[in-house]
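A.B. asks: Following is a predicted model, sequence given first.
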Amino acid sequence: MPKWTWQGGQEPNMSPTLYFFICLNAVVRVISSDGVIAVHGTVGGSVTIDCRYEQGFEHFQKYLTNIRWILNNALIRTKNSNTLVTEGRYSLYDDTLERVFTVTIKELQMSDAGTYWCAVDRLLKDDYTEVKLTVHPVLQVISSDGVTVVHGTVGGSVTIDCRYAQGFENYEKYLTNVKYMWNNALIKTKNPNTLVTEGRYSLYDDTSARVFTATIKELQMSDAGTYWCAVERTLNDDYTEVKLTLHQDHGTESHWKRTFCRRVEPALQPTP
């Protein structure tokens, strides 16, 4: 069985030269029997809160707040129905046909944890629905077999942190889904410590930390399969395998997703 540890914890006493972490952004949302919406997210990820309202309130203003009974207390507020509003890390969309307004908080921080309210703005007394947000630190899974199976959600994103040994700082790095072929990179570094973006892929090589980070956003079912973190060398490139499995988000009232990181260590060590 894999061993779970907290990211940033003590490194095990091993000596592989290339390994990586897979991080999946996700959310857990449950509506309790007392009507409180319990939402769970992880640091760096995002949460989505679906706030339902009754017929007749379609054209009332809606908002999210963390303080009740005070004027100008909205973290974000609708301006027009059926129009997306974005303010910093918050976004809000009121779907009057379904009678639900959806709030998203991205780039979660531990300080975001706490109590919020979905609110409908009324003349005398606003209607509030309580939301409890819990934010968790990212988990790290260490696999003993050298191969990782990761799970993502269609429409979400996955981040792969690929670490390498000292001495490989100025080598080119890339992400691929085909080994041992020329021009096989989905995305490749051009210069160290510079962000590269190509379509849905991005890559950044932090030479001081000796880690290059590849991100795939707007995940599609066709993205499922096998990938490799790679360090380009003169004769044989160094590859570390990752298997990506994707699932549909069916958008049910009570559903779950998870955010976690997993580290994988290859069986062979690269040699310059």
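C.D. replies: Perfect, thanks for sending it.
A.B. asks: for this protein, which spans come out with low pLDDT?
C.D. replies: Counting by pLDDT under 70, the ranges of the chain that qualify are 1-34, 42, 45, 137-153, 156, 247-272.
A.B. asks: Kindly recompute the last result at 80.
C.D. replies: Applying pLDDT under 80 to the chain flags the ranges 1-35, 40-46, 70-71, 136-162, 242-272.
A.B. asks: how about the strands of the stretch 151-272 of the chain, start to end?
C.D. replies: Secondary structure of the stretch 151-272 of the chain by DSSP state E, counting those that start in this stretch: the strands cover 158-164, 173-176, 185-188, 196-198, 201-206, 211-216, 225-231, 238-247, 255-256, 260-264.
A.B. asks: Direction included, what does the third one pair against?
C.D. replies: Right, the one you point to is strand 185-188. Within its sheet, and counting by DSSP bridges, strand 185-188 is paired with strand 173-176 (antiparallel).
A.B. asks: Check which residues of the strand it pairs with are buried.
C.D. replies: In terms of neighbour count (16 or more other CB atoms under 10 Å), strand 173-176 has its buried residues at K173, Y174, L175, T176. No exception for glycine: its C-beta is placed from N, CA and C like everyone else's.
A.B. asks: Also stretch 188-201?
C.D. replies: K188, T189, P192, V196, Y201.
A.B. asks: Please apply the same query to stretch 69-80.
C.D. replies: Buried residues in stretch 69-80, counted by 16+ other CB under 10 Å: N73, A74, L75, I76, R77, T78.
A.B. asks: Just give me the closest of these to S91.
C.D. replies: Among the buried residues of stretch 69-80, I76 lies closest to S91 (CB to CB), at 7.1 Å.
A.B. asks: in stretch 226-245, what counts as buried?
C.D. replies: By neighbour count on 16+ other CB under 10 Å, the buried set for stretch 226-245 is Y227, W228, C229, A230, V231, D237, D238, Y239, T240, V242, L244.
A.B. asks: What is the end-to-end distance of it?
C.D. replies: The separation between the terminal residues of stretch 226-245, taken as CA to CA, to the nearest Å, is 9 Å.
A.B. asks: among the buried residues of strand 173-176, which two are most distant?
C.D. replies: Farthest apart among these by CB to CB are K173 and T176. That separation is 10.5 Å.
A.B. asks: Common neighbours of the two, please.
C.D. replies: Taking CB atoms under 8 Å, 6 or more residues apart in numbering as the contact rule, K173 and T176 both touch A230.
A.B. asks: thinking again about what came up before, dump the buried residues of strand 173-176 into TSV; add distance to L124 as well.
C.D. replies: Shown next, in TSV, are the buried residues of strand 173-176 (distance: CB to CB, whole Å):
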residue	distance to L124
K173	61
Y174	61
L175	56
T176	61
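A.B. asks: If we only consider those, which is nearest to T207?
C.D. replies: The shortest separation between T207 and any of the buried residues of strand 173-176 is 10.1 Å, and it belongs to K173 (by CB to CB).
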